[in-house]
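>>> following is a predicted model, sequence given first.
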Number of protein chains: 2
Amino acid sequence: MKIIEGDVCSAKGFTANGINCGIRKNKSKRDLSLVYSQVPAAAAAVYTTNLVKGAPLQVTKEHIANGYAQAVIVNSGNANTCNDNGIEIAEGMCQLAADKLGIKPEDVVVGSTGVIGQKLSLDPIAAGIDELVSGLSVEGGLFAEEGIMTTDTVPKQVAVEFEIGGKTCRMGGMAKGSGMINPNMATMLVFITTDAAVSPELLNKALKNDIRNTFNMISVDGDTSTNDMVVVLANGLAENPIIDSEGDDFAVFMEALNTVNVYLCRMIAGDGEGATKLLECQVSGSKDLDTAKTVAKSVISSSLLKAAMFGEDANWGRVLCAIGYSGADVDVNKIDVAFQSNAGEILVCKNGAGVDFSEEKAKEILSEKEIDIIIGLNDGECEAKAWGCDLTYDYVKINGDYRT
Amino acid sequence: MKIIEGDVCSAKGFTANGINCGIRKNKSKRDLSLVYSQVPAAAAAVYTTNLVKGAPLQVTKEHIANGYAQAVIVNSGNANTCNDNGIEIAEGMCQLAADKLGIKPEDVVVGSTGVIGQKLSLDPIAAGIDELVSGLSVEGGLFAEEGIMTTDTVPKQVAVEFEIGGKTCRMGGMAKGSGMINPNMATMLVFITTDAAVSPELLNKALKNDIRNTFNMISVDGDTSTNDMVVVLANGLAENPIIDSEGDDFAVFMEALNTVNVYLCRMIAGDGEGATKLLECQVSGSKDLDTAKTVAKSVISSSLLKAAMFGEDANWGRVLCAIGYSGADVDVNKIDVAFQSNAGEILVCKNGAGVDFSEEKAKEILSEKEIDIIIGLNDGECEAKAWGCDLTYDYVKINGDYRT
């Protein structure tokens, strides 16, 4: 498994583009993106568990019900959610893309991100579709990524190269996500492309398995969006023997998908709204996987701990507190806690009670940009990771007046 | 039911005091409080559901197992939690108070609040106990309240007067709580005194029933503390016929307790760490009580909505979003949302979709200090309220470096 420089166009047969079509008033910000596969691709997706679901998710669900898709159109600047004409608009976006690409609208996946509850007009999209489609290219991955970013401060892209059945395959992904991040069974906007040949059933299985340990284990602010979606397209142009059952090839594919997803998870968490630090919580010694995940997610979600990390304060009592209210069945008196970063590692709690430690060393460790919170439950063999970020003044600033 | 000026000393036979004994380095901040009833009182308490429970809670639980108590000793500046000698210290605090008061240590309730995981020494408490006890007076309620405050910016006290069986009774309460506020089955530190005569069984029943609609419906930051407790002492000195069964007298007592608790809830939420606004979410038209409570609590807990309220931004999409991920079974297409304050009321969402509204008027309404978020589910007859506060720069500041 090799991480390579790349994006959603790294796999064979994929092109992309992103433009400003005028949904956003700021003309320097792209707001409409397209990813296109030259042949129909197996498609799988997961969606938000929020009961309020964006119209684009409902349309996408219908469109990939047959297991295939060929293009993805996404806008930023408007979530197309909680509007009475949402379905009509989402279908209109697919139709516009399909007409110009010469494919069926049912083979188009659609996504939207932005403000909830303001009507989205098709006019700017109709006006921009020519430019969007004619500009499709294998260099367009970054433009497409820029077109889906909202409060993101950095583009989030990755690609990997792997081998299946003697054939070199590639997989690339792009993501947007910065606030309203607490996915459950789906997350944010993530689009992954691969030229590996894999059946829709196995693609679906791979995605559903993997997100439990990746996108569902991030939290920026505990708010689960209405528009989260992760979509994978696999067009088979790598010409590997098609993966249509579990086995070694499927395992390699799963590893590729996990590598891409963990990479994007870390980027999303580290670029959480206002964040100055990426937090990774590593829980080990758990009696079962659910316990490890519950503990990791609770710690990473604690506003108090997140604020302490911003302040570079080794306030481990807040780690214990977040474990305690997580609902996980743990033996408090066995818990060890350490903080780790590039500057070293320091044990701060042993068997559920404080140990003497150097505040100076702790401060040095916590002053780094990537902090690991290492929790030993000493009660079994299972482990889990979760990703989050610190809570900062800028989170409040960004969200205090998002609409203007 | 009459709200009167008063505190934990408003009911007959209660005295209180609060001093600085040196647990906190800042000598101008009281850190040790005592509330005393001249006769033994029926006692009931509820505690945090956090699996990590402060040692004082465990000792208090044992001490009031027989249904009676006569004094409450509480320190701030140190939570006496996650220390291997915690039980010993909590028992030592009870012993010191009991010896000086001439009562049994088993009749003393003990609480602590402050940093988790730093050992608490008995020395300052032993040194201060003379001053603490000798200074007990009916004017000492505010001193006691000050002794339990941490990041609180205002004292939180209230008293009510009511009549049972022709006798005038009083009930007074004090609370501390500002951060780490997301109680469940108990909350923060709240001490309530009354001279009404009520059996321990009925006192317990009244408390457990009431907190479901009061203290369990507040959230400042989603973090459930390890040391939350609500304690009620009822010493019977009002000489009403003892309340030992449900009926009219019990109903009056419940109303008194609810009045005190709602008042303290609003004070705690409004004084949430860094808060500039008190938020009250009123949910009506729910098919059952649980749904109404789940919706209200989810909305009040959303970091994104809290930040929008700080920014005075009528971003109602975040209200819908928080309802959607709450887990409550609601019909999104029936939901109405309005914002209300002293400056008026404005409908922003009807049947799950946006309506045209004046942004100017909305801004005027949201610029007030107390904001009601009014949600109509239009699906039944049940209703619930929850209380919270906005999320501000100062929350981050306060919690970024709490220990220093």
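All right, it came through fine. Residues are numbered from 1 along each chain as shown, chains lettered A, B, ... in the order given.
>>> all helices for the stretch 201-350 of chain A, in order.
A:248-270, A:289-301, A:303-310, A:317-324 (DSSP state H, counting those that start in this stretch).
>>> how about a markdown table for those helices, with mean neighbour count and distance to chain B added?
Quick note: C-beta positions are derived from backbone N, CA and C, even for glycine. Shown next, in a markdown table, are the helices of the stretch 201-350 of chain A (neighbours: other CB atoms under 10 Å in any protein chain shown; distance: least, CB to the nearest CB, whole Å):
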| stretch | mean neighbour count | distance to chain B |
| --- | --- | --- |
| helix A:248-270 | 21 | 15 |
| helix A:289-301 | 23 | 8 |
| helix A:303-310 | 27 | 3 |
| helix A:317-324 | 28 | 3 |
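>>> can I get these in TSV including mean pLDDT?
Below are those laid out as TSV (pLDDT from 0 to 100):
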stretch	mean pLDDT
helix A:248-270	89
helix A:289-301	92
helix A:303-310	89
helix A:317-324	89
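>>> need those in TSV (columns: distance to residue B:80).
What follows is those, written out as TSV (distance: least, CB to CB, whole Å):
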stretch	distance to residue B:80
helix A:248-270	34
helix A:289-301	22
helix A:303-310	18
helix A:317-324	11
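>>> which element is residue A:11 on?
Assigned by DSSP states H and E, residue A:11 falls within no helix or strand.
>>> remind me, longest strand of chain A?
Of all segments of type strand in chain A, defined using DSSP state E, the longest is strand A:32-47.
>>> which parts of that one are buried?
Of the residues in strand A:32-47, A:32-37, A:40-47 count as buried by neighbour count, 16 or more other CB atoms under 10 Å in any protein chain shown.
>>> export the residues you listed as CSV, with columns for pLDDT and distance to chain B.
As requested, the buried residues of strand A:32-47 are exported to CSV (pLDDT from 0 to 100; distance: CB to the nearest CB, whole Å):
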residue, pLDDT, distance to chain B
A:32, 97, 21
A:33, 96, 22
A:34, 97, 26
A:35, 96, 26
A:36, 96, 31
A:37, 95, 32
A:40, 93, 33
A:41, 93, 30
A:42, 92, 30
A:43, 92, 25
A:44, 90, 23
A:45, 88, 19
A:46, 86, 15
A:47, 85, 12
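>>> show me which pair in those residues is furthest apart.
A:32 and A:42 (25.3 Å; CB to CB).
>>> what lies in contact with the next helix or strand after the longest strand of chain A?
The first helix or strand that comes after strand A:32-47 along the chain, using DSSP H and E, is helix A:55-63. Contact with helix A:55-63 is made by A:45, A:47-48, A:69, A:80-81, A:83, A:86-87, A:89-91, A:93-94, A:105-112, A:227, A:229, A:231, as judged by CB atoms under 8 Å, 6 or more residues apart in numbering or on different chains.
>>> which ones among those residues map onto strands?
A:45, A:47, A:69, A:108, A:109, A:110, A:111, A:112, A:229, A:231.
>>> my guess is the fourth one contacts residue A:96, does it?
No - here residue A:108 lies out of contact with residue A:96, judged by CB atoms under 8 Å, at a distance of 9.1 Å.
>>> looking at the two, which one has more neighbours?
Taking neighbours as other CB atoms under 10 Å in any protein chain shown, residue A:108 and residue A:96 compare with residue A:108 leading, 27 against 22.
>>> what bridges to the more buried one?
residue A:71 (DSSP bridges).
>>> next one: residue A:354
For residue A:354, the beta-bridge partners are residue A:349 (DSSP bridges).
>>> tell me the contacts of it?
If a contact means CB under 8 Å, 6+ apart, then residue A:354 has A:316, A:317, A:348, B:82, B:83, B:117, B:118, B:119 as its contacts.
>>> with distance to residue B:334 as extra columns, can I get those in CSV?
Shown next, in CSV, are those (distance: CB to CB, whole Å):
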residue, distance to residue B:334
A:316, 46
A:317, 44
A:348, 50
B:82, 47
B:83, 51
B:117, 48
B:118, 51
B:119, 55
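>>> about what we covered before: of the contacts of helix A:55-63, keep whichever come out buried.
Buried by 16+ other CB under 10 Å: A:45, A:47-48, A:69, A:80-81, A:83, A:86, A:89-91, A:93-94, A:105-112, A:227, A:229, A:231, out of the contacts of helix A:55-63.
>>> run the chain-centre distance for the lowest-mean-pLDDT helix or strand in chain A.
Here the helix or strand of chain A ranked lowest by mean pLDDT, DSSP states H and E is helix A:393-400, holding a mean of 76. Centroid separation for helix A:393-400 versus its chain: 21 Å, with CA atoms, centre = their mean, to the nearest Å.
>>> for that helix, packing partners?
The helices and strands touching helix A:393-400, judged by 3 or more CB pairs under 8 Å, 6 or more residues apart in numbering or on different chains; DSSP states H and E, are helix B:303-310, helix B:393-400.
>>> against which helices or strands is the first one packed?
Contacts of helix B:303-310 with other secondary structure elements, assessed using 3+ CB pairs under 8 Å, 6+ apart, are made with helix A:393-400, helix B:317-324.
>>> and that helix with helix A:393-400, angle?
In terms of direction (axes from the mean of the first three to the mean of the last three CA atoms, to 10 degrees), helix B:303-310 departs from helix A:393-400 by 80 degrees.
>>> so what's the gap between helix B:303-310 and the chain middle?
With CA atoms, centre = their mean, you get 22 Å for helix B:303-310.
>>> only C-alpha atoms, please: export it in PDB.
What follows is helix B:303-310, C-alpha atoms only, in PDB (Å, rounded to 0.1, in the frame of the first residue of the first chain):
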ATOM      1  CA  SER B 303     -22.500  23.800  19.800                       C
ATOM      2  CA  LEU B 304     -23.400  25.200  16.400                       C
ATOM      3  CA  LEU B 305     -26.700  26.700  17.600                       C
ATOM      4  CA  LYS B 306     -25.100  28.000  20.700                       C
ATOM      5  CA  ALA B 307     -22.500  29.800  18.700                       C
ATOM      6  CA  ALA B 308     -25.200  31.200  16.400                       C
ATOM      7  CA  MET B 309     -27.000  32.500  19.400                       C
ATOM      8  CA  PHE B 310     -23.800  34.200  20.600                       C
END
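>>> and of the buried residues of strand A:32-47, the nearest to residue A:74?
Of the buried residues of strand A:32-47, the one sitting nearest to residue A:74 (CB to CB) turns out to be residue A:33, at 4.9 Å.
>>> which residues are in contact with the nearest residue to that closest one once chain neighbours are set aside?
Once flanking residues are discounted, residue A:33 sits nearest to residue A:147: 3.3 Å by CB to CB, 6 or more residues apart in numbering or on different chains. In this structure, residue A:147 makes contact with A:18, A:19, A:30, A:31, A:32, A:33, A:74, A:75, A:76, judged by CB under 8 Å, 6+ apart.
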